[in-house]
Structures are given as structure tokens and as C-alpha cells.
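A.B. asks: just need the structure, nothing else, for what follows:
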Amino acid sequence: MSYWRAARRILCVRLDNMGDVLMTTPAMRALRQSGSGRHLTLLTSSAAAKLAPYLNMVDDVWAYDAPWVKHPVVASADADLAIVDKLRAARFDAAVIFTVYSQSPLPAAMMCRLAGIPLRLAHCRENPYALLTDRIVETEPHSGTRHEVVRQLALVQSVGAIASDERLGFAVQRQDRRAIAELLASVGNGHASGRWLVIHPGASAPSRRWPVERFAEAGAQLARDFDGVAVTGGQDEHALVATVCARIGKKALPLAGALSLGRLAALIERADLLVANNTGPVHIAAAVGTPVVDLYALTNPQHRPWQVPHRVLNVDVPCRNCYRSECAVPGHPCLSGVSPDAVVAAARHLLPSPVPHEVSPVALLRAPQSIPQPSPQASPRKTASTGREASNVRPIHSRSR
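C.D. replies: Numbers count the residues shown, from 1 in each chain. The predicted structure follows:
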């Protein structure tokens, strides 16, 4: 333990996706705050490295697409040797390897050992012998599973890093807030300062996608409760976004491929509610304090919205916790059993009571000059306890633990 207290230059290894990195931010913050003069470097995938401007608990973010993690393109062995050389040159005192329980930390541990990093910590099922200097014996899933945030906080706590703030971290930037305020003001419906709903109907894994027609139907019903509905998606999701917007009608604002990561976060922060599949924007919403209706396929129980008002919707099935990226059961019942009416009921349960525009339109608009700076850790919003339970879903109301 005393060696860890003295560690100043710490490498955080989290090699998978953006949502995984966001759920690791409380643990990285704890590492940083548990020692004076600490310098943290995050080694992560190219996709997750886009978070770099918004992670104020780390000093550097390095991109590396490791061959033992799924990526669109497999890098050459030269890239593996180059990253070992780069790590060795940086002369880290310690490395913390963050994994989900189905991942082995040993390839990353070997990389850190070759780079001469003296302290190496991870969850590990096997006996790592000399590859790790400190480990927590892996007990998941046979002894139960934990939320991903809890898992990673337990890891760093084992070397003395105690969290004072367990919220996810995403530092929304002033220029992104300003750009979103201008975007909504330019829509021309006269309701830029009113209620906005964000719908994100896509997901990278087919097993985590609720049918687009149902997003469209739920959006059309919820449009009555909002002044505008922003529908977001990636460059390859124009058709998906167009389908939802066409059903919603004139209140819809299509934003497929239109937003940078920073502006997407600013939009979600500005919105009153997010409706989405279990994907990255849900974790952004948790970080900025926006309530979430999460269409949560039962592929993995560990990634529910964290410390933000939310409703998780799915239908219990015998094949729960399948960890599949594509559903093997005809009809995809854990998600297809959720109706648009259930989503509407969940959304209305989370929505605060409407505030008349004439009371405080400036505050509602959240113009950049009205926002305290810096405020990367927005507090979760209070919710109203109205609305009825959907009968065919399994809602989860409270903070995930």
C-alpha cells in the first residue's frame, strides 16, 4: 500500500468503449485525489479517446486499439511494440487495468510489465504470478455482479484511493453550450427556451436496439409534452433518424451526424429528458444530470444509468444476461415486449411539472452567461412522481447499485 501512496505517475488502462470509460471516471477521479501531485494518463481505444477534452480528472489520453479488444480494424504488431516503447519512455510509477469481468487483464498486464511499470493492479480470475503486483480476485459473475462503477471503485479502493464523488464525469464546454443554445434558437418554432426531449434511437450492437417504429410512435406521443424533440444519431443513421422525425412531425429536429461529441453532451444537458437504447448517450446523460428512459436489452446487467433519475424498461426473459451483440432468440423479446405506451408512461413519470415560459425563460434557455463555470458535475435533477406504471415492463426507479 505504501508504494501506491508514493506513486505519482499513474497509467489508467481502459481499452474498450466510450461508455466504459465514462463509467470509470469516478475511479480515476479517486485515484487522482488520493495522492498529491498525481499525473494520470488514460490509455484507451481510438473511439473512446474522443472523450479527451471532457475528462478533467486525467492529464493525458493516449489512443491504442489493442488486439485483444474488438475494433473495426486490427492494428499491426508494430503498433503493439510502439505502445510498449511509449509507455516505457513515460516512466510510469503504477498502472491500473480496468476490465469488465469477462475480459482478462493479463495482456495489458504483460504490456505494462514489458514497459517497466513497477506497480500493476487489476481484477484477475487466474493466478497472474509476476504479471500483476496487486490484484482483486475475480468473483463475478458466479458470486453476483456489480454495477460497473462500483466494480472499478472497489478496485482503486484496494490501493487506498477512496472516492469523495461517485458521479460520472463529463466536463461540458462553454462553446458547446453556446452552440446548442444558438441551434435551438434557430429552429424557428419560438420554443427554444421551452422543454426539449432528446431521442437517440441507435445503438452499435443490434441486440440493444428497440425497433425504430416504436421510437417513432413514442416520440409522436411525447411531442405533445415538449416544445421540441431533437433526434440524434451518427453519420450512418440518417435513415433511422428520418423515420423517427417523420412520425413526430413539425416539432422534430433531425440531427443525424450533425453534432460533435461535445455538442451532443451539451444538447443532452440542455434537454429535460433523454429516451435512448443502452448506449453512450445514456452515460453522458448520467454525467450531466439529465433524466433517462433507457430501453435496456437484457444483455448485460452492469451498465444501467448511474446516479441520475431514470426508468429502465425491458421484459424479463430466461436468456437474460446473454452478453450477445446479436439476439439469438426470434423476436428479440426482452426489448420487443416493451410498448411505446410504456415508454410514454415512464417519460411522464420522470418529467418535472411544466414551468410557464413567462416565469424564467432565460434560466430555462441556460444561456452560457447564466451557467456557473466550471460545472462539469451537474447535480441530478429532481423528478415528479406522476404517471402510471407500465404493466408489461420491469421498471427500476432508483439509483443503480
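
A.B. asks: what sits against the residue most central in space within the chain?
C.D. replies: The chain has His283 as the residue nearest its centroid, 2.5 Å off, counting by C-alpha atoms, centre = their mean. Under the criterion of C-beta atoms under 8 Å, 6 or more residues apart in numbering, the contact partners of His283 comprise 18-19, 22-23, 168, 303, 305-306. In short, each C-beta sits where N, CA and C put it, glycine included.

A.B. asks: for the protein, give me the ranges with low pLDDT.
C.D. replies: The chain contains residues with pLDDT under 70 at 1, 188-192, 353-401.

A.B. asks: go ahead and confirm Pro128 touches Ser104.
C.D. replies: No. Counting by C-beta atoms under 8 Å, Pro128 does not reach Ser104; the two are 9.5 Å apart.

A.B. asks: just checking, next helix/strand downstream of the longest helix along the chain?
C.D. replies: Criterion DSSP state H: the longest helix present in the chain is helix 18-33. Moving toward the C-terminus from helix 18-33, the next helix or strand (DSSP states H and E) is strand 39-44.

A.B. asks: who's Ala276 bridged to?
C.D. replies: Judged by DSSP bridges, the bridge partners of Ala276 are His200, Asp294.

A.B. asks: ok, it - contacts?
C.D. replies: Contacts of Ala276 (C-beta under 8 Å, 6+ apart): 198-201, 282, 285, 292-295.

A.B. asks: could you rerun that using 10 Å?
C.D. replies: Neighbouring residues of Ala276 by C-beta atoms under 10 Å, 6 or more residues apart in numbering: 198-203, 208, 210, 215, 232, 268, 282, 284-285, 292-296, 305.

A.B. asks: thinking again about what came up before, got the angle between the longest helix of the chain and strand 39-44?
C.D. replies: 160 degrees (axes from the mean of the first three to the mean of the last three C-alpha atoms, to 10 degrees).

A.B. asks: ok, and for helix 18-33, which residues are buried?
C.D. replies: For helix 18-33, a neighbour-count test (16 or more other C-beta atoms under 10 Å) marks 18-32 as buried.

A.B. asks: got it, and stretch 255-267?
C.D. replies: Buried residues in stretch 255-267, counted by 16+ other C-beta under 10 Å: 255-256, 258-259, 261-267.

A.B. asks: can I get the CA coordinates of stretch 265-274 in PDB?
C.D. replies: Provided in PDB are the C-alpha atoms of stretch 265-274 (Å, rounded to 0.1, in the frame of the first residue of the first chain):
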ATOM      1  CA  ALA A 265     -23.400  16.300 -24.500                       C
ATOM      2  CA  ALA A 266     -24.400  20.000 -24.300                       C
ATOM      3  CA  LEU A 267     -27.700  19.100 -26.000                       C
ATOM      4  CA  ILE A 268     -28.400  16.300 -23.600                       C
ATOM      5  CA  GLU A 269     -27.500  18.600 -20.700                       C
ATOM      6  CA  ARG A 270     -29.900  21.200 -22.100                       C
ATOM      7  CA  ALA A 271     -32.700  18.700 -22.500                       C
ATOM      8  CA  ASP A 272     -35.300  17.800 -20.000                       C
ATOM      9  CA  LEU A 273     -35.300  14.100 -20.800                       C
ATOM     10  CA  LEU A 274     -33.400  11.500 -22.900                       C
END
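
A.B. asks: chain center to it: distance?
C.D. replies: 14 Å (C-alpha atoms, centre = their mean, to the nearest Å).

A.B. asks: also stretch 240-251?
C.D. replies: 25 Å.

A.B. asks: show residues contacting it.
C.D. replies: Outside of stretch 240-251, the residues within contact range by C-beta under 10 Å, 6+ apart are 187, 189, 191, 196-197, 199-202, 209, 212-224, 226-234, 237, 252-258.

A.B. asks: next step: the residues you listed restricted to helices.
C.D. replies: Using DSSP H, the members of the contacts of stretch 240-251 that fall in helices are 212-222.

A.B. asks: any of the contacts of stretch 240-251 buried? List them.
C.D. replies: By 16+ other C-beta under 10 Å, the contacts of stretch 240-251 give 191, 196-197, 199-202, 209, 212, 214-223, 226-233, 237, 252-256, 258 as buried.

A.B. asks: the nearest residue to Leu253 once chain neighbours are set aside bridge partners, please.
C.D. replies: Once flanking residues are discounted, Leu253 sits nearest to Ala230: 4.6 Å by C-beta to C-beta, 6 or more residues apart in numbering. Ala230 forms beta bridges with Val198, Leu253, as assigned by DSSP bridges.
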